[in-house]
Structure formats: C-alpha cells, structure tokens
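# Quick one, structure for this:
(3 chains)
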Amino acid sequence: MTTSAQTSLLAVFSDIEPAADAIEQLRLLGIGDDCMNVISGIPVTEAMLGRPRQWTNVPRLALGGAVIGFGAGLFLAFVAPNLYPIVVGGRPYASFPPAVIILFELTMLVMLLATFLGVFLDSFFPNYRPMHYVPEISDGKIAILIECPPADESRMITTLRKLGAESVQFAEAQHL
Amino acid sequence: MTEKHEHTAERHLRKKHLMLDPLPRGQMNAMVMESMHATSWKFWVVFAVLAAITAWGLFYSWGVLMLDGLGMAGVNRPSYWGIFLVNTVFWIGISHAGTFISAILRVFKAEFRRPFTRAAELMTTFGLIQAGFSILMHMGRVWLAYWLLPYPNQRQLWPNVHSPLTWDLLAITTYLLASTMYLFLPLIPDLAMARDRSTGWRKTFYKILALGFRGTEGEWTHLRTAMNIFAFAIIPVMFSVHTIVSWDFAMATRPGWSSTVFGPYFVIGALHSGMGAVVVVLAIVRATMKHMDYFIRTEHFEAIGKLMLIISMGWGYFFFNDYIVQWYGGDVWTKQLLHWHEAGPLGWMWFAMLIFNVLIPWLVLWNRTWRSNPWIMLTVGLLINVGMWLERYIIIPISLTINRMPFTWRMYEPGIEIPLGIGTLAFFILLYLIASRLIPLVPVWEVQEGQMAHSLKKVGRETVVTVAELE
Amino acid sequence: MKPIDLSLFGAKGAIVEAAEGKWGMAIDQDLCTGCQACVVACAMENNVPFVGEIDAGYGRSMHWIRIERFWEGEYPEIRMTPYRPMLCQQCGNAPCEPVCPAYATVHSQSERINLQVYNRCVGTRYCANNCPYQVRSFNWRDYTDERVNDAIATLKNQYNPDVTVRRRGVMEKCTFCIQRIHRAQDRAKAEGREVQDGEFAPACAQACPADAIVFGRIDDLRSRVSRLIRQKHGVHYLEELGTQPRVTYLVGGAS
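Okay, here's the model as predicted:
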C-alpha cells in the first residue's frame, strides 16, 4: 500500500500519556486518523489514546458461525435420522431432547471456529511479508506509525521529539 | 512513626502481590525467555525417563492391545467398562481447570489468575489429548473409530443422535478445538515477543506461529473481541462436556447410575480434580523453572486454596445429595450396590475417596498459612487427584459389578490398563515439559496489563489495593 | 366420557409394540433340568466360540444362553431354586438399542426382535452395560482364530454356514436363531402357505430334552407358545423396567 510518494515515520513512546498527546498534536498538524496507526505490546484501547473506535468483524463472523452451526445441528438432529430411518428403543426417529444437545454443541463449535477464523481474516493472518516494526514494541513501548505524503516531515519529527518520543525514525518495511 | 508504618505496610503489600510489584516489561520478557532457555541436565534426564515410559506404556502397550484385543485388559462381564473409562473421565476432569481459570476467572475479573492462565490452559489441551487416547483404547475396534463422526455411510445412515456417546463425541470435539483455540489466541502476542528475542530455529518457529502479529490497534481489537467471545462461550461448553460425560452413566438403566444429580456432581468433581492438578503443576513449575518465583507467588496458592476449599465443599454436597437419594429410594439393587461400595472388598477405596476429597481439604485449606505453602498445596492437590480417580473407579468398574442379574456378578481385575494409564500420565507430563521449553508459560502482556491496573490507595490510615478497570 | 387419546402421550407406540410382538418364547423353569443342552446347541448353531478355561472363569464366556443356578438359605439348610435359562429377551423396548452411537443394534420392524449388526459395531460396549439382563457377549479376543485359541481348530469344521463368524471387538447376542426363522419363512413362501406352529424351533428349544423351551408366534392365539404364556404363573423378568420382554418364564406352576 505504501507508495514511493509516502513517508513512513515510526515514533516510539514509552508511556500512554505522551503517545496520546502526540496523536493529538499530529492531528493538529493535519495528519488524519487514517494515516496513523498505533502499535503496542499491550492492548492499549482506542479510548486511552483518543483514537477513533476500531472496526471489527469478529462478532458478526461469530454470529454467522453460530447460525451455520445451528443449521448443521438442525440437519443432524432432525433431517439425518430420517434419511435412513431406524427404530431404536421404541423412540421416534428424531426427537427434541437429544436435539437440544446436538444443536447446542454444533452451534458453539462453529461459532467458536468462526470467531477464531475471524481474527485471522480481520488481521490478515498469517502474514509473513515485510512490515514496519521495531522489536522494542514487545518490550511494552507504544509506537505511532505515520504513513503520509511527505508534507511536514521535519516539523512532525521535531514535534514528536518534543513530546517525548524515545526515537523517531523513517521506517522501512522489514521481515519480522 | 506512622509514616514508617505505612512504608512497611506498602512494602509488605508489594512483596506479596505480583500485580503491585511491577518490573519493566523488557525485564519480564527476558525472564520468561530465560526460563524457557535455561535447561539443565536434570530436565533431560526427566525427559528421557518420561519418553521411555510413554514409549512403553502408551505406544507399545497400545500396539499390543490393538493386536491382541481387549482380552489383554481386565474388562469382562459385567464390568464392560473399566479403567480406560475411568481415565477418560479423569483426564476430562483435569482439563476443566484450564477453562475454569482462564474463562470463569477472566469473566469475573479475578486478578490473581493473570500469571498462570496459560499454565492452566495447557493442562486443558494436553488433558483432553489423554482423554481422547483413553477412550480410543477402550474401543473394541479402534480402527473404525471414525465411524462415529457425523458423516453418512453409502446408504445415508448417520450416527445415532439418541446415543450419549454421540453427544460425547460432539462435546469433547467442541471442547478440544475450542480450548486449543482459546489457548492460542492470547499466546499470539507472547509468540511475537519471543520472535523478537530469538535467533536460529527458534526464530523461525516463533515467526511462523506468531503469524506476523505486530500489535496494531486493529490486531489487538480483533484479538480482544475474540478472547471475550471465547471466555463467555467456553464456560457453557465446559459445563456441557462433563455433564454429557456424566450422562453416559446417568442415561443407563443401571442401579447407582441413573441419577439426576450426576451432571452437576460430575462437573464439580471435574473442577475438584482440575484445581488440584493446577496447584500441583504450579508448585512444580515454580520450583523448577527459572524466575517463576517472581510470577507465581504464595498469594496465588492462597487464592487457589480458597477456591479448592469451596469446590471441595461443593463436591461433598453433591456426593451426599446423590448418596442419600439413592439410599432413601430403597431399591433392592441400589441397596446392594451401596453396601458393596462401603463394605465390599474395595470398600477402602470408598473411604479413601472421602478422606482425600473432603476430610483432608477441609482440615488443611481453612488455614491461610498452610494454604500459602506450595508444598502443602502440592500434597493436597495430589491427594485430591487420587481421591477423584478413586471416585471414578468406584462409579465405573466397582458399580458395574452389581447389576440386576446376580448370576453375573464378578470382580474386575485390571490388566494392560495399568501400563496404558501410566503411559497417558507420562505423556501428559512429557507434553507439558516440551511446552515449557517452547511456549512462554507466563502471558507477559497480561501480567503487564494487570500491573498497570493495580495501585495502592490510602483509605483513612490504611493502605489498600485498588484495581482500575482498563477494559 | 371421552377416552383419552393415548397417542398424545407417545404411549400408542409402546402398546402397538407390545401387541404386535411376533416371535416369542416360553421357558418352563419347573421343567428345566439344568442339563445345558440348550447352551451347547446354541453355540453350535450360531458359531459361538469356546473361549478357554481362563477367560471363561473370568466372566468372558460368550454363550448366548446361560443356565442360572441359585441357592436359598444358609448351609446346610440350602434349597435350590429352579434353574433359570437366561437369554436375550428380545425386548420390545430395548435399553441396549438407543445407546449405540453407530446404530449397530437396532429393532427389526418386520420380525419385532433386536438385531445386532456385527459389521457396524465398533465395540463401545455401551449396549452390554445397559442390558438389564446382562445377556450380551463381547468378542474379547479373536477366539475364532486358531493362532489365538487352539481349541477352535477342530470346531472350525462344524461351523454353521448360515451364520457369520464374528471377529474380535464386536458385540453379539441371541438372535432367536433368525437364520432358522428366515429359512422356514422362505420354504413356506415357496410352498404358498404360512409358517405353521412347531414347524421349526431355535436350536435351544430343539435341543431341550425336557421340552422346557417353546418357541413360536405369540400373535397367533392358537399357537402352543401363545397358550403357554397366557398361563397364570407366567412372568416377565424385570418387566418393571418397561422393557417388554418377548420371553415368558413359567415358574412355580406345580405348587
């Protein structure tokens, strides 16, 4: 996505407070929220940093999985026994109480599979391409990745430094 | 003077609680990484012994069993089910601890869970593997086990949805897959951490498993959302698994088995053995792995001890509930069975079960000092697991001896079940050993998150702990 | 008064099952001498293997019918109760059937008896646990393989070609000699008539020297078995479980 016309800056902060300040200042400098991304070693919520809410498809995918699982359960509990009807113990071919169990298990199974898959789809996992990253992030640092046309590069760098960034560097995509 | 007092109180609190004793994340990362790398010759000796026991007890003996048939085992008429089923129920029980700690305690925001959620979740996955092995050993024609999967044969005959074993298969499969996924999701950030600090083959290993995780806002949001869904959804799945295991017995037309209270009785029994096993694992991990005494402290044993005491009381309640209803009913066969439990040749098991599951926990766990001692807790945890194994032994082969056809009554004597049972135990520990060298055993990011949320606050003259809700 | 519609409660199926029972058996315990001829005849007819002394002593004998003996009182004041030949009761409402995950034991709609489908059985042994009569037997080893069981070497020569030889790991049980039922039905059909009462008998009934076992149509009120099971001293064992057994025991008729 990064074209040659764009600069990638990676500013590393050691705390939430300066990082949140920096995001505010960058916004004042005319950098849109969609040009920034925060990379962190612990889950720092959007609210803490004053960032817009992140969109996630995981709950919808989970719901979709639940519906599919429920449907599979309906098939297994009510349709499958009628495909080759056999009497066991004088019971009806398909009956409701055992169906409850089948419906529950299959709903949960497919829902959780879809949730898991949702994380992969939404986060583009697995992804082994080169990416902007510094290993200090997993040491608990908070990094702001700015990908913008190189308008106010130098001003941005000084602002970020002034706000307490430990380091500001032109980021280059690298293999993790 | 008072100021000095306050300092002492504060120092004491910080020493006691991991959450109040923060270290820089980099240092914690380094400690966890070192705990994986620091491997002494003793580790390899234990590893070799366990590998040998697994090879003999599990794989060789299972080969013999498959080639020669179930005649090698002790099962007979009337004990058509034996130790294989005892072990299945036992291992599924062990597996409940992981979910209990990482899901129920997460949902209820019990902060002491943070450093050992992963250690407990690993037990879930590895325990379920042993349960799966045990149930497969039990089958007469294990090579046809795939016939139980929900797919039709050429004539559109699907598995029988009336059978508790079909429910069991679905429930255990759901639980195994769900708990493995739930183990993996919170592990991704720690794998990324390990990737950033490794070289050589480990780098490749972590790089593949970390899936390219960096920790962007989006990644964290998707991960957190998914973990939240899992934490809530896996709780009813966990309850359903052991309830359905209990229905394998409760649905049968047998004295002593057809009991309506078996579902919750089995669930609480599973938690009982599971928590006992967690405490054993934690004590051993803390004693043998480097830096683990920083992450796992006596406060954790103390907190788990309280839970164990409550669960032990719950188990006693359900046991008595089951017992008195059966006893009061006065059915002639049930009466014979209860008498057989207590006064039969294996009556000592019945009393040992009550001593290990109720008496010892109740005598020991009320005391905060004893509860805080890892070695006492390890002993109690081991005894509870012996007691819970005996409980399943009483429910399966001993109860099967008594049926409505006295002509068939006959004792069950285990055969090849013994090496196979030892083999599953060795394989469980072996898997755990391997995992402890490859997987960051402490979820560092969760610990750091917790440490950020905790602080000390003065209420009047007293210094107390406060927790901020960060989520 | 309007009669209650039984089908509302699912009771109709059970009543129909009880009424439409086809094949049944009456066993007169007062006549049984405990000679075990039925056990031997059953084993020969149905290729039930001999399991050897050690396994038999350990509760692994595979006979589809067994003679149960009990004593009453304390030695020396003991009294024997009548012998009780116990075999699959061919329950109309069988507890063994619904618990099998593989549909390996099912109810036959045409014969109204229990079937065991050997080639679908995977050996979970749930059916045997759930059988209140404990009459199912399991192939613990390859008893029909002479490398495993040398006693079978000569017995192999007298296998009944009409009956499958079961392998290790599957459950089996009394079938009311379904191969004989079918042969009789086929012959009757070829000759354009109904199967007559007493035209054939399962191996156990055929071999019984005391004529204690009588087999036939229980839905035919004139058949011998049908008359016997209507005797006042006829009992169904464990009928309180609602299993609807097809075997009626006659006991204490002389006293």
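# Quick check: chain neighbours aside, which residue is closest to the most centrally placed residue in chain C?
Nearest to the geometric centre of chain C sits C:Cys88, at 3.1 Å (C-alpha atoms, centre = their mean). Distance criterion C-beta to C-beta, 6 or more residues apart in numbering or on different chains; nearest residue to C:Cys88, sequence neighbours excluded, is C:Cys174 at 3.7 Å. The C-beta positions use only the backbone N, C-alpha and C, and glycine is treated the same way.
# How much space separates the one you found from C:Arg60?
C:Cys174 sits 17 Å away from C:Arg60, going by C-beta to C-beta, to the nearest Å.
# Give me the more crowded residue out of the two.
More crowded of C:Cys174 and C:Arg60, by other C-beta atoms under 10 Å in any protein chain shown: C:Cys174, with 27 against 22.
# coming back round to it: so what's the residue nearest to the centre of chain C up against?
C:64, C:114, C:133, C:135-136, C:173-176 (C-beta atoms under 8 Å, 6 or more residues apart in numbering or on different chains).
# ok, 6 Å please
Taking C-beta atoms under 6 Å, 6 or more residues apart in numbering or on different chains, we find C:Cys88 in contact with C:135, C:173-174.
# Make sure the residue nearest to C:Cys88 is actually in contact with C:Leu87.
Yes - using C-beta atoms under 6 Å, C:Cys174 is in contact with C:Leu87, at 4.5 Å.
# Closest to chain A out of the contacts of C:Cys88?
C:Lys173 (15.1 Å; C-beta to the nearest C-beta).
# so after the helix or strand B:Val447 falls within, what's the next helix or strand?
Using DSSP states H and E, B:Val447 maps to helix B:444-453. Sequence-wise, the next helix or strand downstream of helix B:444-453 (DSSP H and E) is strand B:454-459.
# can you put the contacts of C:Cys88 in a markdown table and add secondary structure, distance to C:Arg120 and pLDDT?
Below are the contacts of C:Cys88 laid out as a markdown table (DSSP: H, G, I helix; E, B strand; the rest coil; distance: C-beta to C-beta, whole Å; pLDDT from 0 to 100):
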| residue | secondary structure | distance to C:Arg120 | pLDDT |
| --- | --- | --- | --- |
| C:Val135 | coil | 20 | 96 |
| C:Lys173 | coil | 14 | 96 |
| C:Cys174 | coil | 18 | 96 |
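# Among those residues, which one lies nearest to A:Leu76?
Closest approach between these and A:Leu76, by C-beta to C-beta: C:Lys173, at 28.7 Å.
# Need phi/psi at the nearest residue to B:Tyr175 once chain neighbours are set aside.
Closest residue to B:Tyr175 apart from its sequence neighbours, by C-beta to C-beta, 6+ apart: B:Val241 at 4.6 Å. Backbone torsions of B:Val241, given as degrees, to the nearest 10, read phi -60, psi -50.
# Name the residues that touch the helix holding B:Val447?
A:42, A:140, B:19, B:22, B:25, B:28-29, B:32, B:111, B:114-115, B:189-190, B:467-468, B:470.
# let's see it at 8 Å
A:41-43, A:140, B:18-22, B:25, B:28-29, B:32, B:111, B:114-115, B:117, B:186, B:189-190, B:193, B:295, B:467-470.
# Separate out the buried members of those residues.
Buried by 16 or more other C-beta atoms under 10 Å in any protein chain shown: A:41-43, A:140, B:18-20, B:22, B:25, B:28-29, B:32, B:111, B:114-115, B:117, B:186, B:189-190, B:193, B:295, out of the contacts of helix B:444-453.
# what residue is smack in the middle of chain A?
Judging by C-alpha atoms, centre = their mean, chain A has its centre closest to A:Ser123, at 4.8 Å.
# What sits closest to that one if chain neighbours are left out?
That would be B:Glu219: by C-beta to C-beta, 6+ apart, it lies 4.7 Å from A:Ser123.
# after the helix or strand hosting the one you found comes which helix or strand?
B:Glu219 is part of helix B:217-250 when elements are defined by DSSP H and E. Sequence-wise, the next helix or strand downstream of helix B:217-250 (DSSP H and E) is helix B:262-288.
# for that following helix, packing partners?
helix B:83-99, helix B:117-138, helix B:217-250, helix B:292-295, helix B:298-329, helix B:374-393 (3 or more C-beta pairs under 8 Å, 6 or more residues apart in numbering or on different chains; DSSP states H and E).
# Now do that helix against helix B:217-250: the angle between them, please.
130 degrees (axes from the mean of the first three to the mean of the last three C-alpha atoms, to 10 degrees).
# distance between helix B:262-288 and the chain's centre?
5 Å (C-alpha atoms, centre = their mean, to the nearest Å).
# Rounded mean pLDDT for that helix, please.
Helix B:262-288 carries an average pLDDT of 96.
# What pLDDT is listed against B:Glu471?
68.
# now the residue of chain B found nearest chain C: how far from B:Phe249?
Here the residue of chain B nearest chain C is B:Gly140; by C-beta to the nearest C-beta that distance is 1.7 Å. Distance, B:Gly140 to B:Phe249, using C-beta to C-beta: 19 Å.
# any weak-confidence spans in the stretch 101-250 of chain C?
The stretch 101-250 of chain C contains no residues with pLDDT under 70.
# Can you pull the phi/psi pair for the closest residue to C:Phe138 other than its chain neighbours?
Counting by C-beta to C-beta, 6+ apart, C:Phe138 lies nearest to C:Met171, which is 5.4 Å off, once chain neighbours are set aside. For C:Met171, the backbone dihedrals (degrees, to the nearest 10) come out as phi -90, psi 150.
# which bits of the stretch 201-350 of chain B sit near chain A?
Residues of the stretch 201-350 of chain B that fall close to chain A, judged by C-beta under 8 Å from any C-beta of the partner chain: B:207-208, B:210-226, B:229-230, B:233-234, B:236-237, B:240, B:244.
# Show me what the mean pLDDT comes to for stretch B:348-365.
Mean predicted lDDT for stretch B:348-365 stands at 97.
# Can you list the buried residues in it?
So stretch B:348-365, judged by 16+ other C-beta under 10 Å, has buried residues B:349-350, B:352-358, B:360-361, B:364-365.
# Excluding its own residues, what touches it? List them.
B:272, B:305-306, B:308-309, B:312-313, B:315-316, B:319, B:341-342, B:370-371, B:376, B:380, B:383-384, B:386-388, B:390-391, B:393-394, B:398.
# Going C-terminal from the longest helix along chain A, what's the next secondary structure element?
Longest helix in chain A by number of residues (criterion: DSSP state H): helix A:96-122. Counting by DSSP H and E, the next helix or strand C-terminal to helix A:96-122 is strand A:142-148.
# so what's residue 78 up against?
In the absence of a named chain, chain A is used. Per C-beta under 8 Å, 6+ apart, neighbours of A:Phe78: A:94, A:99.
# that's the other chain; I wanted chain C
C:71-72.
# got the contacts of C:Cys88 as CSV, with distance to C:Thr33 columns?
Output for these, formatted as CSV (distance: C-beta to C-beta, whole Å):
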residue, distance to C:Thr33
C:Val135, 21
C:Lys173, 25
C:Cys174, 21
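# Enumerate the residues of the stretch 351-471 of chain B near chain C.
So the stretch 351-471 of chain B meets chain C at B:400, B:403-408, B:410, B:413 (C-beta under 8 Å from any C-beta).
# low pLDDT regions in chain B?
B:1-3, B:471.
# State which one residue of it is found closest to chain A.
B:Arg25 (3.0 Å).
# In this model A:Gly41 seems to touch that residue, though I could be wrong.
Yes - in this structure B:Arg25 lies within contact range of A:Gly41 using C-beta atoms under 8 Å: 6.3 Å.
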